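In: quick one, structure for this:
(4 chains)
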Number of protein chains: 2
Amino acid sequence: MPRSGEAVRQRLLQAALELFTERGFDQTPVEAIAARAGVTERTFFRHFADKREMFFDRESELRDLLVQAVAAVPHGTKPLPTLRAAFHESVPLFERNRPITEPGARLVAETPALQERSLAKRAMLVTALTDALRARGVDARTAPLCAQVGMDTFAIATHRWMQDPSVPLHDQLDQAFRELRLATAALK
Amino acid sequence: MPRSGEAVRQRLLQAALELFTERGFDQTPVEAIAARAGVTERTFFRHFADKREMFFDRESELRDLLVQAVAAVPHGTKPLPTLRAAFHESVPLFERNRPITEPGARLVAETPALQERSLAKRAMLVTALTDALRARGVDARTAPLCAQVGMDTFAIATHRWMQDPSVPLHDQLDQAFRELRLATAALK
DNA sequence: GGTTTTGAGTCAGTGACTGACACATATTTG
DNA sequence: CAAATATGTGTCAGTCACTGACTCAAAACC
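Out: Numbering: from 1, shown residues only, chains lettered A, B, ... in the order given. All right, here's what the predicted structure looks like:
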């Protein structure tokens, strides 16, 4: 049994995924996860802030990527096209991580406690994007609205892509933004 | 000390609001709330599913109102205008409850655990609105997008109204939807 | 080779919740 | 009016998530 940092973390993730899918999130105590990973409960909490946090580590990676991508879009581009371009930049990350994140995603979808956390993570992304837009000179009223609406469109695209991988994420993204344009065109 | 149902609930809400603003949400055990309300901890959990749920009871009232309002909009109206009209219908509810909900809202804003729950409640509203739109014949792809985007716009309007009550909520609502229209017009 | 850093174990404790049971007061019913 | 029943609460015991303080062993560094 290796005991060197990262290996333990991986074993914990693996054990948790197995147990959660077997018995469900609420029915598996942290103690059981730790035991299957050959480690103490205390050690679990040294690697993860809490039980819900396990499947949301990559979120910060995504945030950094998106913030950078927003900054890299040519100046003069309007907010929502800027965001759309940034989302396209993140597609490789999603495609690369898909095998890892897919089982977790199914779990999140059917566990209220995890959904709640997932929403909180999305909210963090929205504030990060809001700041990124404001850094580009978007005014304080427009930035939060665009960040929020853009993120929702992005989420819908990734959601559809998760359910049906036959359509590339790039296409889902463009399609979702097209639908957004159409739906809002009906306003006044 | 009356002991008849609803009175206890009110005393618990009052006690919780006081203690949370004094010491903060995380620093006040449920036991302390119950004690100040002259009741046992067990009784607290008979009135509220959990500690975070206290300030979100009215959410179901809002959901029912919005769902009904969506159904009442003349047929043929496009999804987002439908939602905007429904949101306008809920304005009196907000104005009436403002004195009650305002202290709670400030608390939610500065307590991560409560923000998380607040997002979950918003998500519930989104699914309810999605269903309400689909019942009107909006197709399964458009409905979730419109419900989500509409709800965000609504949330931004109410947020601005909470911070500056001098502008009526009706106006904030129209203004936010106008901004949404403008921002999305830049797409494509 | 000794020192410092790092990751883990142990133990004790708090606090959110739950289930089971007892009891008292209100409400319904014969 | 009395018996049955429902409702709201108290009590107690228990589980589980999480934290702080301390110890210890193995690296990593000097």
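In: and the residue nearest to A:Arg52 when sequence neighbours are not counted, what does it touch?
Out: Among residues not flanking A:Arg52 along the chain, A:Arg117 sits closest, at 4.5 Å (CB to CB, 6 or more residues apart in numbering or on different chains). From N, CA and C alone the C-beta is placed, and that goes for glycine too. Counting by CB atoms under 8 Å, 6 or more residues apart in numbering or on different chains, A:Arg117 makes contact with A:Arg52, A:Glu53, A:Phe56, B:Glu116.
In: quick check: closest non-adjacent residue to the second one.
Out: Right, the one you point to is A:Glu53. In this structure, A:Glu53 finds its nearest non-sequential neighbour in A:Arg117, 7.2 Å apart by CB to CB, 6+ apart.
In: helix or strand for the one you found, which one?
Out: helix A:112-135 (DSSP states H and E).
In: try A:Phe20
Out: Here A:Phe20 is assigned to helix A:6-23, by DSSP H and E.
In: average pLDDT for that helix?
Out: Helix A:6-23 carries an average pLDDT of 93.
In: keeping just the C-alphas, turn stretch A:122-142 into PDB.
Out: Only the C-alpha atoms of stretch A:122-142 are listed here, as PDB (Å, rounded to 0.1, in the frame of the first residue of the first chain):
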ATOM      1  CA  ARG A 122     -21.400  27.300 -11.400                       C
ATOM      2  CA  ALA A 123     -22.100  30.500  -9.400                       C
ATOM      3  CA  MET A 124     -18.400  30.700  -8.700                       C
ATOM      4  CA  LEU A 125     -17.700  30.500 -12.400                       C
ATOM      5  CA  VAL A 126     -20.200  33.200 -13.100                       C
ATOM      6  CA  THR A 127     -18.600  35.700 -10.700                       C
ATOM      7  CA  ALA A 128     -15.200  34.800 -12.200                       C
ATOM      8  CA  LEU A 129     -16.500  35.500 -15.700                       C
ATOM      9  CA  THR A 130     -18.200  38.700 -14.500                       C
ATOM     10  CA  ASP A 131     -14.800  40.000 -13.300                       C
ATOM     11  CA  ALA A 132     -13.100  38.900 -16.500                       C
ATOM     12  CA  LEU A 133     -15.700  40.800 -18.500                       C
ATOM     13  CA  ARG A 134     -15.400  43.900 -16.400                       C
ATOM     14  CA  ALA A 135     -11.600  43.800 -16.800                       C
ATOM     15  CA  ARG A 136     -12.300  44.200 -20.500                       C
ATOM     16  CA  GLY A 137     -14.300  47.300 -19.900                       C
ATOM     17  CA  VAL A 138     -17.800  45.800 -19.900                       C
ATOM     18  CA  ASP A 139     -19.900  48.000 -17.600                       C
ATOM     19  CA  ALA A 140     -21.000  46.800 -14.100                       C
ATOM     20  CA  ARG A 141     -24.600  46.400 -15.100                       C
ATOM     21  CA  THR A 142     -24.100  44.300 -18.200                       C
END
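In: how about residues contacting that stretch?
Out: A:59, A:62-63, A:66-67, A:70-71, A:73, A:75, A:79, A:82-83, A:86, A:143-144, A:146-148, A:150-151, A:155, B:115, B:119, B:179, B:183.
In: off-centre distance for stretch A:9-25?
Out: On the basis of CA atoms, centre = their mean, to the nearest Å, stretch A:9-25 sits 19 Å off its chain's mean C-alpha point.
In: list the buried residues for that stretch?
Out: Residues of stretch A:9-25 classed as buried by neighbour count (16 or more other CB atoms under 10 Å in any protein chain shown): A:Arg9, A:Arg11, A:Leu12, A:Leu13, A:Ala15, A:Ala16, A:Leu17, A:Leu19, A:Phe20, A:Phe25.
In: quick check, nearest of the residues you listed to B:Glu95?
Out: A:Phe25 (40.2 Å; CB to CB).
In: how about the closest one, what does it touch?
Out: So A:Phe25 contacts A:Lys51, A:Leu107, A:Thr111, A:Ala113, A:Leu114 (CB under 8 Å, 6+ apart).
In: go on, A:Thr158?
Out: A:Thr158 is in contact with A:Phe94, A:Leu169, A:Gln172, counting by CB under 8 Å, 6+ apart.
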